[in-house]
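Q: Fold the following and give me the result.
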Amino acid sequence: MSDQAETDHAAPAAPGDGSDPAAAQQARPPLIIQAQYVKDLSFEAPGAPDIFGKLAQSKPDINVKVDVKATAIGENIFETVLNIRADCTVSDATAFIAELSYGGVFAVNVPAESVRPVLLIECPRILFPFARQIISQTTLDGGFMPLMLAPIDFAALYRNQQSDSASAAAKPIADGAGDGPPN
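A: Reported below is the predicted structural model:
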């Protein structure tokens, strides 16, 4: 008796083996995370140590800006970078400035018309929890309370970017102003 089982059955075709291209296309996941990384991280506390006394007396004002960029780096391979900048001021003095560019490389297997929304909505949605943790830990390590960023609606951010670019394209360029030739 043998340790291996003998079979007379043919192995089923594996997705992507060329036997059925339509099945292979459907079998691929729509989004594959290939890498995540800190592309750039900066933290500065220009008012230290005096700022800590001001923080004990006044409530800080924190301004957070978020931006998402995506670029193609290969066939169906893209980099999405989530840029976060947090400025904290107290009594018109800068307590800290934290800047993070957190990137990811993604294989995107969706129809062409869906690629941009996937890159600018779904990919940053995947990256955000990691970026949030990095910002929180960085501000804590900088001597401040951890900055806990609120969840971000990347779909609304995407819609705002779309409407801003549409209105900019529809706006006529005045003579001597703008990037294009005068009308």
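Q: from what I can see residue 52 touches residue 142, true?
A: No - applying CB atoms under 8 Å, one finds residue 52 not in contact with residue 142, separated by 11.1 Å. In short, each C-beta sits where N, CA and C put it, glycine included.
Q: More neighbours: which of those two?
A: residue 142 (18 against 14; other CB atoms under 10 Å).
Q: Just the pLDDT at the closest residue to residue 45 other than its chain neighbours, thanks.
A: Take residue 45 and drop its neighbours on the chain: the residue closest to it by CB to CB, 6 or more residues apart in numbering is residue 96, 4.7 Å away. On pLDDT, residue 96 comes in at 98.
Q: and if you look at residue 106?
A: In this prediction, residue 106 has a pLDDT value of 98.
Q: tell me which residues form a beta bridge with it?
A: Beta-bridge partners for residue 106, by DSSP bridges, are residue 33, residue 78.
Q: Count the residues that sit near it.
A: 25.
Q: distance of it from residue 32?
A: As judged by CB to CB, to the nearest Å, residue 106 and residue 32 stand 7 Å apart.
Q: Where does the prediction get shaky in the protein?
A: Low-confidence segments of the chain (pLDDT under 70): 1-26, 170-183.
Q: Please enumerate the helices of it.
A: Listed in chain order, the helices found in the chain under DSSP state H are 21-27, 50-57, 112-117, 123-141, 154-170.
Q: Tell me which of the ones you listed lies nearest to residue 40.
A: Nearest to residue 40, of all the helices of the chain, is helix 123-141, at 11.2 Å by CB to CB.
Q: Kindly calculate the angle that that closest one makes with helix 154-170.
A: Computed by axes from the mean of the first three to the mean of the last three CA atoms, to 10 degrees, the angle separating helix 123-141 from helix 154-170 equals 110 degrees.
Q: Name the residues that touch helix 123-141?
A: Here helix 123-141 makes contact (CB atoms under 8 Å, 6 or more residues apart in numbering) with 31, 33, 36, 38, 41, 43, 68, 70, 78, 80, 82, 84, 86, 96, 98, 100, 102-104, 106, 145-149, 151-152, 154.
Q: what about 6 Å?
A: 43, 68, 80, 82, 84, 98, 100, 102, 104, 106, 146-149, 154 (CB atoms under 6 Å, 6 or more residues apart in numbering).
Q: Give me the ChimeraX select line for these, limited to the buried ones.
A: Remark: buried members of the contacts of helix 123-141, expressed as a ChimeraX selection using 16 or more other CB atoms under 10 Å:
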select :43,68,80,82,84,98,100,102,104,106,147,149,154
